[in-house]
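Undergrad: Structural data only, the sequence is not supplied:
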Ligand SMILES: C[S@@+](CC[C@H](N)C(=O)[O-])C[C@H]1O[C@@H](n2cnc3c(N)ncnc32)[C@H](O)[C@@H]1O
């Protein structure tokens, strides 16, 4: 039986999406670990991993906080939660606790966590303010909420020259209904509930055929475009034309695409 959060998650929770999330985690690992350093995620802390997915982050945070720390990993997908429980148990990481819950109705003790992390979660949530408010309550004073998400997704579309890719990215952008621009709004959303955005770090890069960002964009489109076709947001012919163009570009050593702009925001509970 699927949960409401799972049904609302646009990318699905099958094996292909699980593999995509692993690859995506590997792609953006340096930028993610840099944010944890900046936010002083450390040994002995209690850290909330919100919308943890299959938990690639949770497992690393568990190593970071050590046996005396705690990672509470929350996701709406029972399948992802099972995967993480299994991985944590086989790695002997008893400090990982996994909960299947909807982050929109999260109910945790006030001031019980040192830090929280949410990567590519809020772009799937229609009312992110409510989630940020709940997390702000759960954090101790001096605790940090770190969010990684998209901002100005339209810039991804505008800066590329490939017409068929442009069309599919437009369909992707529209399908999220403006939520892919959440990154730029984070400082204000945080400020409304007592979190001061002490750092705003731009994240992105240039995709060249075969590099990590190129593969990341390709894998996302392979998972998501069929879903857009099913929903009638994209025509099958548009999809086919895009993949033909993509393959041609993949053979062109001059091809380059900017990644969608992202941002890492560190909110300090004051
Ligand atoms: C793109 S994945 C990111 C996973 C992980 N944060 C990462 O960076 O690898 C988004 C995750 O958020 C979860 N999610 C989306 N909406 C949710 C909600 N309302 N409550 C709980 N989890 C949610 C999905 O199930 C999915 O696992």
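TA: Everything's here; your move. These numbers were taken from a predicted model, which means no experiment stands behind them.
Undergrad: And the strands in the stretch 151-270 of the chain, which stretches?
TA: Taking DSSP state E, counting those that start in this stretch to define them, one finds strands in the stretch 151-270 of the chain at 195-203, 206-207, 257-258, 262-269.
Undergrad: Return the most buried member of those.
TA: strand 262-269 (a mean of 24; mean count of other CB atoms under 10 Å). Using the backbone N, CA and C atoms, a C-beta is placed for each residue, glycine as well.
Undergrad: Within its sheet, name the partner strands of that strand and how each one runs.
TA: Strand 262-269 has the following strand partners under DSSP bridges: strand 139-150 (antiparallel), strand 195-203 (antiparallel).
Undergrad: Can you add mean pLDDT and give the ones you listed back as TSV?
TA: Shown next, in TSV, are the strands paired with strand 262-269 (pLDDT from 0 to 100):
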stretch	mean pLDDT
strand 139-150	98
strand 195-203	97
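Undergrad: between these, which gets nearest to residue 232?
TA: Distance to residue 232, taken as CB to CB, is lowest for strand 139-150 among those, at 23.6 Å.
Undergrad: got the buried residues for the closest one?
TA: 139, 143, 144, 145, 146, 147, 148, 149, 150 (16 or more other CB atoms under 10 Å).
Undergrad: quick one, what contacts the fifth one?
TA: To tie it back to what came earlier, the one meant is residue 146. Under the criterion of CB atoms under 8 Å, 6 or more residues apart in numbering, the contact list for residue 146 reads 35, 36, 39, 41, 115, 116, 117, 118, 264, 265, 266, 267.
Undergrad: Which pLDDT value belongs to the residue nearest the centre of the chain?
TA: What sits nearest the mean C-alpha location of the chain, by CA atoms, centre = their mean, is residue 120, with 1.8 Å. Among the per-residue scores, residue 120 shows a pLDDT of 96.
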